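**Student:** Based on what follows, work out the 3D shape:
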Amino acid sequence: MASNTFDNQSIPKGLAFALIGYASYSVHDAIVKALHEYSVFQILFFAMLFCYLPFSVARIADGTPLSVTPKHPKLAFARALLHVSSLGFAFSAFAMLPLVDAYVLLFCTPLIISVLAVFFLGEQIALVRWLLIAMGLMGVLVVLRPSIETVQIGHFLALACALCSAGSSVIARKIGGAENMASMILFPLLATIIVSGSVMIFHYKPMPLNHLGMMFLIGGLGLLGQYCILNGFRMAPATYIAPMQYSQIVWAIIFGYVFFQESVDMWAVVGALMTIASGIGMIWRERQVSKVRANLNTRNSRAVGAPLMKPREADRKK
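**Tutor:** As a prediction, this is how the structure comes out:
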């Protein structure tokens, strides 16, 4: 396969890799929810230790020697803090909310990226994209049907995760062309380990061997998810792979019902479909006309620090 094209045989393989990767993340999230008795910082620390640290070191070591000194230290620092916050908020939301509710709010990230891109990247949003953003937000309202009785702190945490993840992605898009891979990966990684490890000291709870094994499994599933999704993007265009993340809503319904006795009503399904349709529409819209394409260039916001991935020629607008 040429380096700048995708053949018909590689695309199905890429889709399969993406589906496996996002399924791995769904199992990852379900285990995080099952370990809700532990501090989110304790879970986050071990996830970093067992998964992201070896994965990041391997990615950096695989290339040529690079300097870890960022060229935009203030933005790199801000991005690292946003990444730490997004992970902490996400893990907390999974512990507090039904999985479907958490995912629908996290799926707002591409919509928020589009809005932030107007102010920080100078992108012009056409009417179609504003309509897609509005549809996605309406889908969230349909799922949550907010009221004093139904809205929980977990909903605000999931929304905060989406905001932080979007902010991190926009910064990555802004500085990614000037920064090297080492600094893009290591800054968020070290920030997460330092913050979670420092706070964990005050909330550490001894773990039986089976729970330690579950912590290790979280790291392993995160590693598998990143590996599969990155391979998916190497084998197929971004517009094929990016929508596969919405397969997680299916796993959320299954896992929520089987393991956590969570029920999903008709309106939750309708709202989720609206948000999913909005996100897919944004992805395809960016593929066709957007000059910034923040969502596609960042690719996977759950990867280590969401390092910017340079689009291949086949991903570019003809």
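**Student:** CA atoms for contacts and neighbours, from now on please.
**Tutor:** Fine.
**Student:** which ones are touching the nearest residue to residue 87 once chain neighbours are set aside?
**Tutor:** Nearest in space to residue 87, with sequence neighbours left out and distances taken as CA to CA, 6 or more residues apart in numbering, is residue 161 at 7.0 Å. For residue 161, the contacting residues are 85, 86, 87, 88, 89, 90, 106, by CA atoms under 8 Å, 6 or more residues apart in numbering.
**Student:** one more time with 10 Å, if that's ok
**Tutor:** If you count contacts by CA atoms under 10 Å, 6 or more residues apart in numbering, residue 161 has them with 82-93, 102, 105-106, 108-109, 155, 167.
**Student:** May I have the helix or strand hosting it exported as CSV, CA atoms only?
**Tutor:** Element membership for residue 161, per DSSP states H and E: helix 153-175. In CSV, the C-alpha atoms belonging to helix 153-175 read as follows (Å, rounded to 0.1, in the frame of the first residue of the first chain):
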residue,chain,number,x,y,z
ILE,A,153,-23.1,16.4,39.5
GLY,A,154,-21.9,13.6,37.2
HIS,A,155,-23.6,15.4,34.2
PHE,A,156,-21.6,18.5,34.9
LEU,A,157,-18.4,16.5,35.2
ALA,A,158,-19.0,14.8,31.9
LEU,A,159,-19.7,18.2,30.2
ALA,A,160,-16.6,19.6,31.9
CYS,A,161,-14.7,16.6,30.4
ALA,A,162,-16.0,17.4,26.9
LEU,A,163,-15.0,21.1,27.4
CYS,A,164,-11.5,20.2,28.6
SER,A,165,-11.0,17.6,25.8
ALA,A,166,-12.1,20.1,23.2
GLY,A,167,-9.8,22.8,24.6
SER,A,168,-6.8,20.3,24.6
SER,A,169,-7.6,19.3,21.0
VAL,A,170,-7.8,23.0,19.8
ILE,A,171,-4.4,23.7,21.4
ALA,A,172,-3.0,20.6,19.8
ARG,A,173,-4.2,21.8,16.4
LYS,A,174,-2.7,25.2,17.0
ILE,A,175,0.8,24.2,18.1
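**Student:** what mean pLDDT does that helix have?
**Tutor:** Rounded to a whole number, the mean pLDDT of helix 153-175 is 88.
**Student:** Check stretch 186-204 too.
**Tutor:** Taken as a whole, stretch 186-204 carries a mean pLDDT of 85.
**Student:** which strands and helices sit next to the very next helix or strand once past the helix holding residue 161?
**Tutor:** Secondary structure here is assigned by DSSP H and E; on that basis, the next helix or strand after helix 153-175 toward the C-terminus is helix 181-203. Counting contacts by 3 or more CA pairs under 10 Å, 6 or more residues apart in numbering; DSSP states H and E, helix 181-203 is packed against helix 40-47, helix 53-61, helix 73-96, helix 153-175.
**Student:** Cool, thanks, talk later.
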